[in-house]
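Student: sharing a sequence plus its predicted fold:
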4 protein chains.
Amino acid sequence: MSEAKARIAVLGASGYTGSELVRLLLRHPRAEIVALTADRKAGQSMADVFPQFAPFPLPKLVTIDQVDFTGVDLVFCALPHATTQQVIKSVFEKAPAVKVVDLSADFRLSDPGMYETWYGHPHSALDLQKEAVFGLVEIYRDEIKKGRLIANPGCHTTTAILPVVPLLEAGAIDPESIVIDSKTGMSGAGRSAKEAMLFSEVSEGINAYSVGSHRHMGELDQEYSKAAGRPVKPMFVPHLVPMNRGIYATLYVRTTGAKAEDLHKILADYYQNEPFVHVFPFGQVPHSRHVRGSNMVMLGVVADRVEGRAIVVSTIDNLVKGASGQAVQNMNLVLGFPETMGLEQIALMP
Amino acid sequence: MSEAKARIAVLGASGYTGSELVRLLLRHPRAEIVALTADRKAGQSMADVFPQFAPFPLPKLVTIDQVDFTGVDLVFCALPHATTQQVIKSVFEKAPAVKVVDLSADFRLSDPGMYETWYGHPHSALDLQKEAVFGLVEIYRDEIKKGRLIANPGCHTTTAILPVVPLLEAGAIDPESIVIDSKTGMSGAGRSAKEAMLFSEVSEGINAYSVGSHRHMGELDQEYSKAAGRPVKPMFVPHLVPMNRGIYATLYVRTTGAKAEDLHKILADYYQNEPFVHVFPFGQVPHSRHVRGSNMVMLGVVADRVEGRAIVVSTIDNLVKGASGQAVQNMNLVLGFPETMGLEQIALMP
Amino acid sequence: MSEAKARIAVLGASGYTGSELVRLLLRHPRAEIVALTADRKAGQSMADVFPQFAPFPLPKLVTIDQVDFTGVDLVFCALPHATTQQVIKSVFEKAPAVKVVDLSADFRLSDPGMYETWYGHPHSALDLQKEAVFGLVEIYRDEIKKGRLIANPGCHTTTAILPVVPLLEAGAIDPESIVIDSKTGMSGAGRSAKEAMLFSEVSEGINAYSVGSHRHMGELDQEYSKAAGRPVKPMFVPHLVPMNRGIYATLYVRTTGAKAEDLHKILADYYQNEPFVHVFPFGQVPHSRHVRGSNMVMLGVVADRVEGRAIVVSTIDNLVKGASGQAVQNMNLVLGFPETMGLEQIALMP
Amino acid sequence: MSEAKARIAVLGASGYTGSELVRLLLRHPRAEIVALTADRKAGQSMADVFPQFAPFPLPKLVTIDQVDFTGVDLVFCALPHATTQQVIKSVFEKAPAVKVVDLSADFRLSDPGMYETWYGHPHSALDLQKEAVFGLVEIYRDEIKKGRLIANPGCHTTTAILPVVPLLEAGAIDPESIVIDSKTGMSGAGRSAKEAMLFSEVSEGINAYSVGSHRHMGELDQEYSKAAGRPVKPMFVPHLVPMNRGIYATLYVRTTGAKAEDLHKILADYYQNEPFVHVFPFGQVPHSRHVRGSNMVMLGVVADRVEGRAIVVSTIDNLVKGASGQAVQNMNLVLGFPETMGLEQIALMP
């Protein structure tokens, strides 16, 4: 590809992952936004829906049907679960050479049975499900470069997989022991008007949700089991915290003999050349504020007071590395751009 | 005791637990505040320090030395750790018949060795340490009624002990398996001016703190071990959440054969007559908002997707049931008042 | 009325003003809640809708049609604007002796023309509109005691009327000069699911709304004009602040010759015996936190650097003195109870 | 200047304006940070003080004495008021050719008498005070390009001057009528540990501060008077809002005959080519969230219900356009870089 700009469409631009894609792409030197869709808000300008974009020229919001995909290089799909399968199938029928980075959960589980178990219905695009690559860059970089359909991982998932996979691959922790207590900011719940997400319902408090049944566990099982070489089913509970952005996972593990320092060394070595992963010195943990607005993952390892037990902390910005930033990172790989292009923003603190 | 009011002194009235005591005592039908101390702010009125009290008549702030303890029925001691031991010793020397409810950590650990291990120095009031009663009302009600010195438990501790002790006593969970992920609001950090507690440092984010080394673990070990009849050392990590009030503990346990429903039944039975403990229906969990400003403990039990594993959620207001409310509950027992007197406030939501 | 409890119905119990009424009435020694309505949630228990009430016995939610008003002493009406007129008309037809405290805006404007101007349609219960008493206790105490239908004032209105009426009555300020910059917490926007009220839309920021056109201005005009004895139309802009509770009005005025100290003296004298109004010393202003959860109004007056100009600050809790607390205060007057009964809660800080 | 990078020193890098400068400069294509100072934290790495910078190479923190200013092209001075005068004097003595952008208030008032009135002591670097250029780019662009010492304006000031100066210059509003109700996020209060800035003191509430006496008024008087051609002393009250970033000013004005639409047209025309000023369509107002993290100013004009009165809203991010972003904008002018370089970040929402 020459220095010409890639032509990008964003399907579902009126939600938070959509607007975050627009924020990042407007400053990406090789991307040009040629289409923005939002079915219910079609006909409006992006500035009507998100006034922060008023100073910037952007295409009007249209319906998906109005997009001519033949002139598009890459499609970001930020649509709700389930509708996504049909939309992407239809996009590929119209434009087989287009690349797709899908931010929904529709193509993350490679096993059709597992998909059906977690989502309660059979997958309706089985060939594409087979073809899709799990878009966790630090683990699947080579596969992603060759992919046509990238399934961008979930936000809780990204946070919990990156610190655990190297430890499981090294056989350093007991797969049975893993407990993941995950905390997310409110933007992860999306922009739909729901009583439970009103300011007055969620500020000044905290609560667990989807206890024992959150669908992200399917992704965790898949990736943990692959890394361990045997079935793994961690304990996982997500919580809503009164902040806009951030996922903060506290992981409790037992080693297979290693010391906590050894776990730290495994992670530090594994990620030493990764531009978007930073491992804190042993004994220190990050705050979620340290990654807000950036594409970074920050990790920390601390010894428990009882030998053979350790605490691992992992944090990302759910809208960046947990969604749109990682999607752009995937775009960069798929289109042959430098991996960090357009993603160099440093955390906004405070 | 007749219908006359008890004469109450609050030592350390310029902090949040102190002001919370004043808030509750001003509306307590049998309590009269006769002395308020605040060493550095002595000479000021309470309204200077906390303008919300401006409409109410209250004694001026004085130093501890200025208090005549002989006319006092009960002393609340809301002073920092370590200074407390000497102060209470001296109070009892001046007025042996006075009752003391201490909100610091100084008298919570009954074993001198354990105290020295967690706090790094020997206890300086060993006789009192021996005499002190652990003021967790729902567990030690009878001992408290007869006590002279009540050691009001910590906020993380109260939250984590109440849901676990019945399960350990029943032998229903594996003591080795307990993981406690606890989240606290900012008022738990007190009113001292510290950079790390500034609004701009703690809002819009979350972080773990004192990972692997928090002193509250001493209280957990003590009470869990007593309930289990063997040494228990749970995993415990506290977190700071951008809210003023609330402790929210998510507990991960493995059963010794019981189902999650059985754990729920044990808790529901244990607490069925307790005025300040509410157990949610099986499968449901509380939010911290549901107890804000009240003296309630709310508990929930949910089955994990893997049999033999369960999630227990426990929440309190750290300044009420986690500090000043429980202190008043202890006062009511010690002075022979109805246990719920002055503590009937319902949660403020939103 | 004997020591027997008054039988109370709350229409619209599933919103925030409804739940706040229930919070206050549950602790009111002379009130018994006999009916709670919530049309869309009829059939559910109050604990389903507001889990903080789970520990307390309450009637099930029903539709308005299901309530037998003949056995009711007083009805609180916390319904949306416009539907209220018909509902109250119908309640009085069924039970003419019942008292009604209405928390909507339907009966606040006594002039039919003014009502039509602000609401865009004629009033549909003109007789009742004529009968209704404006329920601002500190101004209309005597009229309220004799009233059958009390129109509880709005939250912005209560905040802005109390500090200004005494100054206008005294002729101390120029009616043309009044600027009111009012800031409200989010609970004032209610519990309906609206995109604009999501946590992610309103936290970490501030915005003006209804600029130049807010309907509360009708109430301000009415009360200011009455106090001044001539038409007054203040400038007024409301703002949304990321907090749950509180109205905070900053008022900018020019005197007719008086000094700022004189304005302070007028207010201090006017409210010196009011249990729910506290005037700060001259030169000091309250925070909204000082009234959170309480029925207090707090006022402050400060001199501007230019003589003849002054700044007046007024703050209340929008759900208490701005809605349900003032409604209970009205109930106390109407039913002959002590005015402060059930309203003694002190501000919850932090 | 060639494409070589400019060598930049930041004095006072451990505060929020300092860290914001580092955030922006790290991504500025023509800037290289060669020195960072923080007297009390000298010897530490920037990552110790602000862990979000851990992934980036930066010079260690040193004392000001340790900096060799001869090799420096431009100095940002983000030190507290009063110490700044001496520091900058001494910097120019060591390196007369260096450029300085000062973020303190020390050089903003050009009149020595006015300085003494507001700050209570004579200025100690009168020559430099005379030389300094007021760094409000949109008003003083040409002067800044030629300046050696730029006095970066205050955050409240920037917000309130930009919407008013064009209106005063046009003679469209009555200078006597201006009321400015300004609201700021907490980061404006800095990173010093103060009780009044603790999370538990400032969240969940709002309050006015420095009522009638805020020093920023000196800057307002200076710029308003210059624009009006006569002395102007607006009414101004700042407020603290529980958010990290943002200044939001609501301005109440009376016209000299013009309609509100005319005011809008004046502002839209005045700023039509400005890259960092966006004027909303007439009748609409921005939220502070629309500029968070960006260097934008957003303005809105709305007609009041009474003819001849209007409401103007102005918002910026206090740490960007209100401090460090504007400072970089000034640097770009002074060093001959494109004005928008390094400042293209779009608002982070949510």
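Tutor: Nice, thanks for sending it over. Numbering: from 1, shown residues only, chains lettered A, B, ... in the order given.
Student: packing partners of the host helix or strand of residue A:327?
Tutor: Using DSSP states H and E, residue A:327 sits within helix A:325-335. Other elements packing on helix A:325-335 under the criterion 3 or more Cβ pairs under 8 Å, 6 or more residues apart in numbering or on different chains; DSSP states H and E are strand A:6-11, helix A:16-26, strand A:74-77, strand A:99-102, helix A:137-145. Quick note: C-beta positions are derived from backbone N, CA and C, even for glycine.
Student: off-centre distance for it?
Tutor: 11 Å (Cα atoms, centre = their mean, to the nearest Å).
Student: so that helix versus strand A:6-11, what angle?
Tutor: Relative orientation of helix A:325-335 versus strand A:6-11 (axes from the mean of the first three to the mean of the last three Cα atoms, to 10 degrees): 140 degrees.
Student: just to revisit the earlier point, which one of the helices and strands packed on helix A:325-335 lies closest to chain D?
Tutor: Among those, helix A:16-26 comes nearest to chain D, with 4.9 Å by Cβ to the nearest Cβ.
Student: that closest one close to chain D?
Tutor: Yes - with Cβ under 8 Å from any Cβ of the partner chain as the criterion, chain D is reached by helix A:16-26 at A:16, A:19, A:23, A:26.
Student: so what does that helix touch, helix or strand wise?
Tutor: strand A:6-11, strand A:31-37, helix A:325-335.
Student: most tightly packed of those?
Tutor: With neighbours defined as mean count of other Cβ atoms under 10 Å in any protein chain shown, these peak in mean count at helix A:325-335, which reaches a mean of 26.
Student: between helix A:137-145 and that one, find me the angle.
Tutor: Interaxial angle, helix A:325-335 versus helix A:137-145 (the same axes, to 10 degrees): 40 degrees.
Student: TSV for the residues of helix A:16-26 next to chain D, including pLDDT and distance to residue B:151?
Tutor: Formatted as TSV, the residues of helix A:16-26 next to chain D follow (pLDDT from 0 to 100; distance: Cβ to Cβ, whole Å):
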residue	pLDDT	distance to residue B:151
A:16	97	48
A:19	98	52
A:23	98	53
A:26	97	59
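Student: dump those residues into CSV; add neighbour count and distance to residue C:347 as well.
Tutor: Formatted as CSV, those follow (neighbours: other Cβ atoms under 10 Å in any protein chain shown; distance: Cβ to Cβ, whole Å):
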residue, neighbour count, distance to residue C:347
A:16, 25, 35
A:19, 25, 38
A:23, 26, 40
A:26, 18, 46
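Student: spatially, which two of those residues are the most separated?
Tutor: Largest separation among the residues of helix A:16-26 next to chain D by Cβ to Cβ: A:16 and A:26, giving 15.7 Å.
Student: and the residue of the stretch 51-200 of chain A nearest chain D?
Tutor: Closest point on the stretch 51-200 of chain A to chain D, by Cβ to the nearest Cβ, is residue A:52, at 3.9 Å.
Student: residue contacts, that residue?
Tutor: D:289, D:290, D:291, D:294, D:346, D:347, D:349 (Cβ atoms under 8 Å, 6 or more residues apart in numbering or on different chains).
Student: measure stretch A:175-184 end to end?
Tutor: 24 Å (Cα to Cα, to the nearest Å).
Student: quick one: check that stretch for contact with chain B.
Tutor: Yes - interface with chain B: stretch A:175-184 contributes A:179, A:181, A:183 (Cβ under 8 Å from any Cβ).
Student: would you say the residue of the stretch 51-200 of chain A closest to chain D is within a helix?
Tutor: Yes - when DSSP: H, G, I helix; E, B strand; the rest coil is applied, residue A:52 is found to be in a helix.
Student: quick one: it from residue C:204, how far?
Tutor: Separation of residue A:52 from residue C:204 (Cβ to Cβ, to the nearest Å) stands at 13 Å.
Student: between the two, which contacts overlap?
Tutor: Shared contacts of residue A:52 and residue C:204 (Cβ under 8 Å, 6+ apart): residue D:289.
Student: state the helix or strand in which residue A:313 lies.
Tutor: strand A:309-316.
Student: shaky segments in chain A?
Tutor: Applying pLDDT under 70 to chain A flags residues A:1-2.
Student: rerun at 80
Tutor: Scanning chain A for pLDDT under 80 picks out the ranges A:1-3.
Student: how about the strands in the stretch 101-250 of chain A?
Tutor: A:133-134, A:149-151, A:179-184, A:207-208, A:235-240, A:247-254 (DSSP state E, counting those that start in this stretch).
Student: residue C:328 is nearest to which of those?
Tutor: Proximity to residue C:328 (Cβ to Cβ) singles out strand A:207-208 among those, at 29.5 Å.
Student: now find how far off-centre that closest one is within its chain.
Tutor: Strand A:207-208 sits 21 Å away from the centroid of its parent chain (Cα atoms, centre = their mean).
Student: who does it touch, helix- and strand-wise?
Tutor: strand A:235-240, strand B:247-254.
Student: out of those, which is the most enclosed?
Tutor: strand B:247-254 (a mean of 26).
Student: packing partners for that one?
Tutor: So strand B:247-254, by 3+ Cβ pairs under 8 Å, 6+ apart, packs with strand A:179-184, strand A:207-208, strand A:235-240, helix B:155-161, strand B:179-184, strand B:309-316.
Student: was I right about residue A:160 contacting residue A:238?
Tutor: No - with contact defined as Cβ atoms under 8 Å, residue A:160 does not count as touching residue A:238 (10.0 Å).
Student: picking up where we left off before, out of the helices and strands packed on helix A:325-335, the one nearest residue A:151 is which?
Tutor: Once the helices and strands packed on helix A:325-335 are compared by Cβ to Cβ, strand A:99-102 is nearest, at 5.6 Å.
Student: give me the sheet partners of the closest one and which way each runs.
Tutor: Looking at strand A:99-102 with DSSP bridges, its partner strands are strand A:74-77 (parallel), strand A:149-151 (parallel).
Student: could you dump the longest one to PDB, C-alpha only?
Tutor: It refers to strand A:74-77. Taking C-alpha atoms only, strand A:74-77 is exported to PDB below (Å, rounded to 0.1, in the frame of the first residue of the first chain):
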ATOM      1  CA  LEU A  74     -11.500  -1.600   6.000                       C
ATOM      2  CA  VAL A  75     -14.800  -1.700   8.000                       C
ATOM      3  CA  PHE A  76     -15.000  -1.300  11.700                       C
ATOM      4  CA  CYS A  77     -18.100  -3.000  13.000                       C
END
